[in-house]
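K.L.:
Okay, structure incoming, though there's no sequence with it:
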């Protein structure tokens, strides 16, 4: 149990959280797919924290591992920082890596506190208008795109692949072919379907392309507008797919998608661990 003066999650100093994260990651990563939740629950009970706290610890540790590949000095220095600080910087880096790195250096130079850091991230995010679509690290975005393609291929019985990807998911495809309708919208009206993250196809011209919108945040808030956009693309020959990372919402989303019939719009709910770089294979969906 947390001692007086500690954070509610029981994780205070750098040594504490990194040691625990390393221990959990070793067991979690080696556990069979079906046993991962059991591993988290057991570790949470052992250390007197919640499974969600352990997920957050693992996400922060994964962030430092990724940062080590691009800015090793900064990553090593952040290993001396508290969990709260690293978590804020990791969240910031998902949508603005340069600003996050600057903020991390200020923190390490003791020019700002963790509370000030969190306030600065929230303020910057509001100014940037970051809402339903979160910028993911490249390796996480690639994992999400790969999982989506595999799941949709299985649901439809088609061997799909990514034919176009937005900037955030650019690592998912090489030699991308932008759909002609996207080109038309941009050239004629100076706009594009900004909510579309991926386009999937099997190169069988008798069947249409599938436009995929990926909501990484607040799906209940953004689902209706996103499905409306996908239904509109349906009039141009696209199938539509909304992807979120909250499996418990799948029934609600499927009901909402049916309201856009006869547009061919479906929904897919993936394991939220994918957003942490810890994705499993358990997903729910419907087309």
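P.N.:
Thanks, I have the structure now. Remember, it's a predicted structure, so these values are computed and weren't measured experimentally. Numbering: from 1, shown residues only.

K.L.:
When you work out contacts or count neighbours from here on, use the C-alpha atoms and nothing else.
P.N.:
Will do.

K.L.:
so residue 159 sits in a helix?
P.N.:
No: looking at residue 159 with DSSP: H, G, I helix; E, B strand; the rest coil, it is coil, so not inside a helix.

K.L.:
neighbours around it, how many?
P.N.:
A count of nearby residues for residue 159, using other C-alpha atoms under 10 Å, gives 15.

K.L.:
quick one: it from residue 244, how far?
P.N.:
Using C-alpha to C-alpha, to the nearest Å, we find residue 159 at a distance of 22 Å from residue 244.

K.L.:
how near is residue 265 to residue 160?
P.N.:
Taken as C-alpha to C-alpha, the span from residue 265 to residue 160 is 17 Å.

K.L.:
Give me the more crowded residue out of these two.
P.N.:
Higher neighbour count among residue 265 and residue 160: residue 265, with 29 against 21, using other C-alpha under 10 Å.

K.L.:
Now do the same contact list for the more buried one.
P.N.:
227, 230, 231, 234, 239, 240, 241, 242, 257, 258, 287 (C-alpha atoms under 8 Å, 6 or more residues apart in numbering).

K.L.:
Can you tell me which of the residues you listed lies closest to residue 66?
P.N.:
residue 242 (27.8 Å; C-alpha to C-alpha).

K.L.:
Can you tell me the element that closest one falls in?
P.N.:
Per DSSP states H and E: residue 242 is located in strand 239-244.

K.L.:
For that strand, which helices and strands make contact with it?
P.N.:
Packing partners of strand 239-244 (3 or more C-alpha pairs under 8 Å, 6 or more residues apart in numbering; DSSP states H and E): strand 210-214, helix 219-234, strand 265-269.

K.L.:
possible to save those as a markdown table with mean pLDDT and distance to residue 29?
P.N.:
Formatted as a markdown table, the helices and strands packed on strand 239-244 follow (pLDDT from 0 to 100; distance: least, C-alpha to C-alpha, whole Å):
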| stretch | mean pLDDT | distance to residue 29 |
| --- | --- | --- |
| strand 210-214 | 90 | 26 |
| helix 219-234 | 85 | 28 |
| strand 265-269 | 91 | 22 |
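
K.L.:
any chance of these in CSV, with distance to residue 41 too?
P.N.:
As requested, these are exported to CSV (distance: least, C-alpha to C-alpha, whole Å):
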stretch, distance to residue 41
strand 210-214, 29
helix 219-234, 26
strand 265-269, 22
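
K.L.:
sorry, back to before: report the buried members of the contacts of residue 265.
P.N.:
Buried subset of the contacts of residue 265 (neighbour count, 16 or more other C-alpha atoms under 10 Å): 227, 230, 231, 234, 239, 240, 241, 242, 257, 287.

K.L.:
Do I have it right that the fourth one meets residue 241?
P.N.:
Translated: residue 234. No: contact criterion C-alpha atoms under 8 Å: residue 234 and residue 241 do not qualify, at 10.5 Å.

K.L.:
Of the helices and strands packed on strand 239-244, which is nearest residue 115?
P.N.:
That would be helix 219-234 among the helices and strands packed on strand 239-244, by C-alpha to C-alpha, at 27.4 Å.

K.L.:
Next, the angle from that closest one to strand 265-269.
P.N.:
With axes from the mean of the first three to the mean of the last three C-alpha atoms, to 10 degrees defining the directions, helix 219-234 sits at 140 degrees from strand 265-269.

K.L.:
wait, residue 242 sits on residue 268?
P.N.:
Yes: contact criterion C-alpha under 8 Å: residue 242 and residue 268 qualify, at 6.3 Å.

K.L.:
Is there a neighbour count for the closest residue to residue 107 other than its chain neighbours? I'd like the number.
P.N.:
Counting by C-alpha to C-alpha, 6 or more residues apart in numbering, the nearest residue to residue 107 once its immediate chain neighbours are dropped is residue 113, at 6.5 Å. Using other C-alpha under 10 Å, residue 113 has 13 neighbouring residues.
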